[in-house]
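Based on what follows, work out the 3D shape:
(chains A and B)
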There are 2 protein chains.
Amino acid sequence: MSVFDDFVRRDKRALARIITHIENRRENYRQLLAAVSRLPHQGYRIGITGPPGSGKSTLVDALVLRYIQQGLRVGVIAIDPSSPFTGGALLGDRIRMQHLVNRDSVFIRSMASRGESGGLAAATRDVTKVLDAFGMDLIIIETVGIGQIELDIVEACDSVVVVLVPESGDMIQTMKAGLMEIADIFCVNKIDRPGADRLLSILNSMVHERQTASSVEIRAVGTNGMNGEGVDSLAEAIEKHRGVITTGGELERRRGSQLKAEIVHAVRDRVVRQLEETIDFDGQFEHVSRQLASGELDLYSAADMIYDRYFRK
Amino acid sequence: MSVFDDFVRRDKRALARIITHIENRRENYRQLLAAVSRLPHQGYRIGITGPPGSGKSTLVDALVLRYIQQGLRVGVIAIDPSSPFTGGALLGDRIRMQHLVNRDSVFIRSMASRGESGGLAAATRDVTKVLDAFGMDLIIIETVGIGQIELDIVEACDSVVVVLVPESGDMIQTMKAGLMEIADIFCVNKIDRPGADRLLSILNSMVHERQTASSVEIRAVGTNGMNGEGVDSLAEAIEKHRGVITTGGELERRRGSQLKAEIVHAVRDRVVRQLEETIDFDGQFEHVSRQLASGELDLYSAADMIYDRYFRK
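Numbers count the residues shown, from 1 in each chain, chains lettered A, B, ... in the order given. Predicted structure coming up:
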């Protein structure tokens, strides 16, 4: 029996091995990913994002527990953007979910990456595909939403939950546009703390304002991840959003643009890789960068010259 | 008199107008940027980064005050990565530094951007060039360092100061590698708070460990931005680092790789722009993305096909 056969009959060790193989870009990983992608898959992708300290992990644990009690199979990707300042999120992820990790119907992967831009987003996308092909009903992608790359990741999900805490009230007006752009559902976690009602009412009026502009309703729910309060409402809000975008054709439209964005990013990464391989051995590159340094050439003309040399057909 | 002439004779209103023109990519901005880049310039770039709440802005204010008292001209770029979760940093920037902003020798610009990746990094790079050509002796780039893009920005500086607070001690071991990679100088701000000595000693031993591996010494200093304590030591540490990298040839090497990275990024942005313009009108793109959706094609083969069609010479 090959690892792939084991994967097809839903062996979790085979799943882990295939993810590692693809993540590390080992030999033939592209063929492997292609084979995996051809398997039937119909998982739904839920993005959970929010500031550090908003209790996302605990909330995800509570959601996962609820889903597996319903007989669903759940994959979780916990992303640590590995900025030096996010402060040990990864370490936390590794010791959490101990009570979930041994369940047959749950698979949890922590991911971290620095390096070329696009690396983390590409790896997350690949692992999502593998979990989907493994037969997960739901794939939850949890990320501390604080940079462009993390926002790119979360925007590739079908339903996006933005988790806030009562103390987020003070910054909400400033950040309104950005939040409305990514959230399908708002969740005020740690609802027992002061300010929760105020934040919920601010969110509800933001949501109400926007309602005229869009056919898809945004909802705001309050939760307490620690004791499970409100988690059912959150799950219902996600389910409702899923229903609306599925029947209205919005899901198909979203996935279409996701695919196009994936192709654009993959082509972009290929161009960068090719330039980085060439850069030290190419006399013209050296020449152009000297002219840029001296001010003889501006950056955009320099880029045009390199583009013309390597990429203009 | 043209705006450009006013710029050359160091009129701050002309500086502001030229920055706005270039930032908004108005007509002929490339020519304008090229003309600006040809002016003599010899500014030194200092990056100040650290987690939200580490008191970077207050510290930058104190540094700027010190520099202008020495007769230096200082440009400040305060970056807000505009993630929904960084919480009003921009708003804070706008009302800060009121006592500095009217000085002839200081120019402060807040920048925010979401949108295509690379947008913020490119704009920061352009504004840095304009400030440099205006005759600023020092250009300080302050950013909350929490995403790949912000790290890209700060890595394009000549000296990078990582600002931490005493409470950062708990996360320091986890994040050691990432911190050592970007920091030229560590600064423990809010030094009056408990844990400061412990963090300084952890940093000093990290720095000591690394000393064997590199010729450029990293230093750790303690400051209190609110009352100015330690700001002289910080300025001296920056000056010392500048001296070492300037005489050792390291500065030239850094700037060489910065220029190459700039060209690569500009070419990459051009490729993405071209793809995004084509994507909706190209039958093959549609065809490829349908094949990707059905699993007939894997992403990397899809990217190869698009690459071959548009960019392979």
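
Find me the pLDDT at A:Ile218, would you?
Listed pLDDT for A:Ile218 reads 81.

Wait, it touches A:Val207, no?
Yes. Taking C-beta atoms under 8 Å as the definition, A:Ile218 is a contact partner of A:Val207 at 4.6 Å. The C-beta positions use only the backbone N, C-alpha and C, and glycine is treated the same way.

neighbour-wise, which of those two wins?
Neighbours per residue (other C-beta atoms under 10 Å in any protein chain shown) separate A:Ile218 from A:Val207, with A:Ile218 holding more: 21 against 17.

I'd like to know which elements the longest helix anywhere in chain A is packed against.
Taking DSSP state H as the criterion, chain A has its longest helix at helix A:250-278. Packing partners of helix A:250-278 (3 or more C-beta pairs under 8 Å, 6 or more residues apart in numbering or on different chains; DSSP states H and E): helix A:119-133, helix A:231-247, helix A:299-310, helix B:250-278, helix B:283-294, helix B:299-310.

need these in JSON lines with mean pLDDT and mean neighbour count, can you?
Shown next, in JSON lines, are the helices and strands packed on helix A:250-278 (pLDDT from 0 to 100; neighbours: other C-beta atoms under 10 Å in any protein chain shown):
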{"stretch": "helix A:119-133", "mean pLDDT": "88", "mean neighbour count": "22"}
{"stretch": "helix A:231-247", "mean pLDDT": "95", "mean neighbour count": "17"}
{"stretch": "helix A:299-310", "mean pLDDT": "90", "mean neighbour count": "19"}
{"stretch": "helix B:250-278", "mean pLDDT": "87", "mean neighbour count": "17"}
{"stretch": "helix B:283-294", "mean pLDDT": "85", "mean neighbour count": "16"}
{"stretch": "helix B:299-310", "mean pLDDT": "90", "mean neighbour count": "19"}
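
Which one of these lies nearest to A:Tyr44?
For the helices and strands packed on helix A:250-278, proximity to A:Tyr44 was assessed by C-beta to C-beta; helix A:231-247 is nearest, at 6.2 Å.

who's in contact with the closest one?
A:44, A:46, A:59, A:62-63, A:66-67, A:158-159, A:161, A:184-185, A:187, A:216-217, A:219, A:221-223, A:225, A:250-251, A:254 (C-beta atoms under 8 Å, 6 or more residues apart in numbering or on different chains).

Please compute how far stretch A:35-43 lies from its chain's middle.
Centroid displacement of stretch A:35-43 relative to its chain, using C-alpha atoms, centre = their mean, to the nearest Å, is 19 Å.

scratch that, stretch A:180-188 is what I was asking about
14 Å.

do stretch A:55-68 and chain B meet?
No. Contact of stretch A:55-68 with chain B is not found when judged by C-beta under 8 Å from any C-beta of the partner chain; the minimum separation is 11.4 Å.

Show me what the mean pLDDT comes to for that stretch.
On average, stretch A:55-68 scores 92.

The residue lying closest to A:Gly53 once chain neighbours are set aside and chain B, how far apart?
Setting aside the residues directly before and after it, A:Gly53 is nearest to A:Val165 in space (C-beta to C-beta, 6 or more residues apart in numbering or on different chains), at 7.2 Å. Going from A:Val165 to chain B by C-beta to the nearest C-beta, to the nearest Å gives 11 Å.

cool, and A:Gln70?
Counting by C-beta to the nearest C-beta - A:Gln70 and chain B are separated by 28 Å.

quick one: terminal-to-terminal distance for stretch A:2-19?
15 Å (C-alpha to C-alpha, to the nearest Å).

Now do the SS call for the residue sitting furthest away from the middle of chain A.
For chain A, the largest distance from the centre (C-alpha atoms, centre = their mean) belongs to A:Glu296, which lies 42.6 Å off. Under the three-state scheme (DSSP: H, G, I helix; E, B strand; the rest coil), A:Glu296 adopts coil.

thinking again about what came up before, for the contacts of helix A:231-247, which ChimeraX command selects only the ones that are buried?
Buried residues among the contacts of helix A:231-247 (16 or more other C-beta atoms under 10 Å in any protein chain shown), as a ChimeraX selection:
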select /A:44,46,59,62,63,66,67,158,159,161,184,185,187,219,221,222,223,225,250,251,254
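
what residues does stretch A:290-309 touch?
Contacts for stretch A:290-309 (C-beta under 8 Å, 6+ apart): A:275, A:284-285, A:288-289, B:30, B:33-34, B:37-39, B:125, B:255-256, B:259, B:262-263, B:266-267, B:269-271.

Apply 6 Å and report the result again.
With contacts defined as C-beta atoms under 6 Å, 6 or more residues apart in numbering or on different chains, stretch A:290-309 is touched by A:288, B:30, B:33-34, B:37-38, B:259, B:262-263, B:266-267, B:270.

do stretch A:13-20 as well
Under C-beta under 6 Å, 6+ apart, the answer for stretch A:13-20 is A:3, A:6-7, A:127, A:130, A:134.

packing partners for the helix or strand hosting A:Ile48?
Per DSSP states H and E, A:Ile48 falls inside strand A:44-50. Counting contacts by 3 or more C-beta pairs under 6 Å, 6 or more residues apart in numbering or on different chains; DSSP states H and E, strand A:44-50 packs against helix A:56-69, strand A:138-144, strand A:159-164.
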